[in-house]
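Peer 1: sequence first, then the predicted structure, then my questions.
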Amino acid sequence: MAKQGVKRKEMDLADYLDMCRQYALSQVDKQRDDFKRLGVSADWDNPYVTLDPSFEADQIRVFGAMADKGYIYRGQSRFIGHGLLSLLLLRQRSNIMILILHHFTMLIGLKMVRAFLILTPISWFGRPHHLR
């Protein structure tokens with residue numbers, strides 16, 4: 001969005017999120033065409049779009065079913081260290097826990113290569129103190 005000259009801080013949040021949604025949905029057809037060109041076989045008439053409200057509703061239903069079975073609970077956070085991996089947990093004001101594999105080192109041939117991995121944000125419903 002920034003490349004298109006959109007100034008997020010000067011916009012209403014709802015308008016900005018709507019623009020982001022429109023942009024994401026505009027990419028679906030482009031990605032579908034690219035996948036078809038590459039020979040990917042799929043159900044092209046029923047695309048899997050995570051912005052679809054029915055997908056979000058299904059996710060909430062699954063989360064509720066897991067909670068009903070006792071799979072969702074509040075526990076202690078554990079960090080298991082590893083010599084090559086360091087895990088960085090960042091808590092944002094929006095109550096999203098972001099897991100980042102900060103960096104690791106690989107030995108490829110005789111060269112040491114440092115690489116960075118970023119995992120997607122994991123969000124929960126409500127605030128952390130509601131998980132008690």
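Peer 2: Structure's in. What do you need?
Peer 1: do a quick rundown of the helices in this structure.
Peer 2: Applying DSSP state H to the chain gives helices spanning 13-37, 53-68.
Peer 1: contacts for the shortest one?
Peer 2: This means helix 53-68. Tyr48, Val49, Thr50, Ile72, Phe125 (C-beta atoms under 8 Å, 6 or more residues apart in numbering). Just so you know, the C-beta spots here come from the backbone N, C-alpha and C atoms, and that holds for glycine as well.
Peer 1: and those, which is closest to Arg8?
Peer 2: Thr50 (21.6 Å; C-beta to C-beta).
Peer 1: residues near the closest residue to the closest one other than its chain neighbours, how many?
Peer 2: Of all residues not flanking Thr50 in the chain, Glu56 sits nearest, at 7.9 Å (C-beta to C-beta, 6 or more residues apart in numbering). Neighbourhood size, Glu56 [other C-beta atoms under 10 Å]: 11.
Peer 1: and for the one 5 residues further on?
Peer 2: Using other C-beta under 10 Å, the number of residues around Arg61 comes to 10.
Peer 1: any idea how far it is from Asp68?
Peer 2: As judged by C-beta to C-beta, to the nearest Å, Arg61 and Asp68 stand 10 Å apart.
Peer 1: for stretch 22-36, which outside residues touch it?
Peer 2: Contacts of stretch 22-36 (C-beta under 8 Å, 6+ apart): Met1, Ala42, Trp44, Pro47, Val49, Leu51.
Peer 1: pull the CA atoms of that stretch into CSV?
Peer 2: Only the C-alpha atoms of stretch 22-36 are listed here, as CSV (Å, rounded to 0.1, in the frame of the first residue of the first chain):
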residue,chain,number,x,y,z
GLN,A,22,-9.7,-4.9,-1.7
TYR,A,23,-6.0,-5.1,-2.6
ALA,A,24,-5.7,-8.7,-1.2
LEU,A,25,-8.8,-9.8,-3.1
SER,A,26,-7.5,-8.2,-6.3
GLN,A,27,-4.5,-10.5,-6.1
VAL,A,28,-6.6,-13.7,-6.0
ASP,A,29,-7.2,-13.6,-9.8
LYS,A,30,-3.6,-12.8,-10.5
GLN,A,31,-2.4,-15.7,-8.4
ARG,A,32,-4.9,-18.0,-9.9
ASP,A,33,-3.7,-17.2,-13.4
ASP,A,34,-0.1,-17.7,-12.4
PHE,A,35,-0.9,-21.1,-10.8
LYS,A,36,-2.9,-22.2,-13.9
